[in-house]
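Chemist: what follows is a predicted structure for the sequence shown.
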Amino acid sequence: MKHLLVLIFLLTSVCAISQESIVTPPLIKGKVLNDATDQPLENVNIVNLNSVVGATSNAEGDFEIRAVVNDTLYFSYLGFKSIRVRVTNDWLKFGDIKIKMTELGIALEEVVVRPIQLTGYVEVDAKTIPIYDNYRYRISGVGSGYEGGNQQPGAVTKVLSAIFNPADFLYNVFGKRPTQMRKLRKMKEDDEIRNLLQSKFDRETLMAVLQLEKVDIDEILNNCNYSKDFIRTANDLQILDAINECYEEYKVLNRKKK
């Protein structure tokens with residue numbers, strides 16, 4: 001009987017170790033270099049598009065990230081062309097590899113700042129200073145939030161549409177994209193990815209992870225009642241949170257509908 005218990009214990013331990021090794025992918029290492037100078041690139045953002053985890057290169061260009069064979073790593077860095085690299089058996093077997101990124105020529109456009117001339121008279125100046133009223137508001141009894149303002153003249157129509165048929169309204173936005181939307185929560189839970197998105201405004205990382213075009217992201221936000229001003233000026237982390245908020249509302253309404 002004792003031998004049987006010992007055998008069961010050993011088998012349980014082996015199964016637990018095997019499951020742990022499957023759940024946790026191995027760490028792979030690499031170095032990111034400037035293709036023109038072979039100098040290391042610091043603070044390059046790396047995202048595993050399959051498991052949705054992120055990493056950043058250090059001052060020597062070195063990085064570590066968890067991945068398995070056939071995972072795709074997405075490298076992005078300001079002023080350089082973003083690239084995708086497939087993880088191979090050789091990478092896992094031999095260790096470090098060098099990733100070279102190509103620098104882009106960036107032409108800055110001229111920015112014109114128009115100062116507001118104040119007269120000192122409150123009644124006159126109050127009419128001169130622009131008022132931005134694209135604030136976010138909610139209607140009691142309705143889970144969705146809405147953004148008002150003159151930049152979105154159809155906001156009232158969209159609010160009424162969502163009230164009368166909210167499940168169908170949101171299903172048209174998310175129902176056809178189940179695979180992409182499942183990655184939203186993973187992106188929000190990874191600190192490396194959140195820090196990356198907070199400093200970006202180009203939507204590139206969101207497009208790569210969610211497998212969407214920029215026009216698709218704009219359409220989702222527009223259908224979720226975010227103003228054109230918000231869509232144009234928000235950073236990528238704000239965009240992620242906005243899409244996720246709307247998606248969570250869709251899931252609640254979809255469950256009630258079923």
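Modeler: Received, thanks.

Chemist: packing partners of the strand or helix carrying Leu196?
Modeler: If you go by DSSP states H and E, Leu196 is part of helix 191-198. Identification of packing neighbours for helix 191-198 by 3 or more Cβ pairs under 8 Å, 6 or more residues apart in numbering; DSSP states H and E yields strand 45-48, strand 53-56, helix 183-189, helix 204-210, helix 236-257. For the C-beta atoms, the positions are set from N, CA and C on the backbone; glycine is no exception.

Chemist: for Val85, find the nearest of those.
Modeler: Comparing the helices and strands packed on helix 191-198 by their distance to Val85 (Cβ to Cβ), the top pick is strand 45-48, with 9.0 Å.

Chemist: which neighbouring elements make contact with that closest one?
Modeler: Under the contact rule (3+ Cβ pairs under 8 Å, 6+ apart), strand 45-48 is packed against strand 53-56, strand 62-66, strand 72-77, helix 191-198, helix 204-210.

Chemist: and the longest one with strand 62-66, angle?
Modeler: Which is helix 191-198. Compare the direction of helix 191-198 with that of strand 62-66 by axes from the mean of the first three to the mean of the last three Cα atoms, to 10 degrees and you get 120 degrees.

Chemist: buried sites along helix 191-198?
Modeler: By 16 or more other Cβ atoms under 10 Å, the buried positions in helix 191-198 come out as Ile193, Arg194, Leu196, Leu197.

Chemist: from the residues you listed, which two are the most distant?
Modeler: Farthest-apart pair in the buried residues of helix 191-198 is Arg194 and Leu196; separation 7.2 Å (Cβ to Cβ).

Chemist: show me where pLDDT drops low in the stretch 51-200 of the chain?
Modeler: When residues are selected by pLDDT under 70, those of the stretch 51-200 of the chain lie in 106-170, 172-173.

Chemist: and the strands in it?
Modeler: Counting by DSSP state E, counting those that start in this stretch, one finds strands in the stretch 51-200 of the chain at the ranges 53-56, 62-66, 72-77, 80-86, 97-101, 136-138, 145-147.

Chemist: mind saving the C-alpha coords of the fifth one as CSV?
Modeler: Output of strand 97-101 as CSV, limited to C-alpha atoms (Å, rounded to 0.1, in the frame of the first residue of the first chain):
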residue,chain,number,x,y,z
ILE,A,97,20.4,36.5,-31.8
LYS,A,98,20.9,40.0,-33.2
ILE,A,99,17.9,41.9,-34.4
LYS,A,100,18.7,44.9,-36.6
MET,A,101,16.3,47.8,-37.1
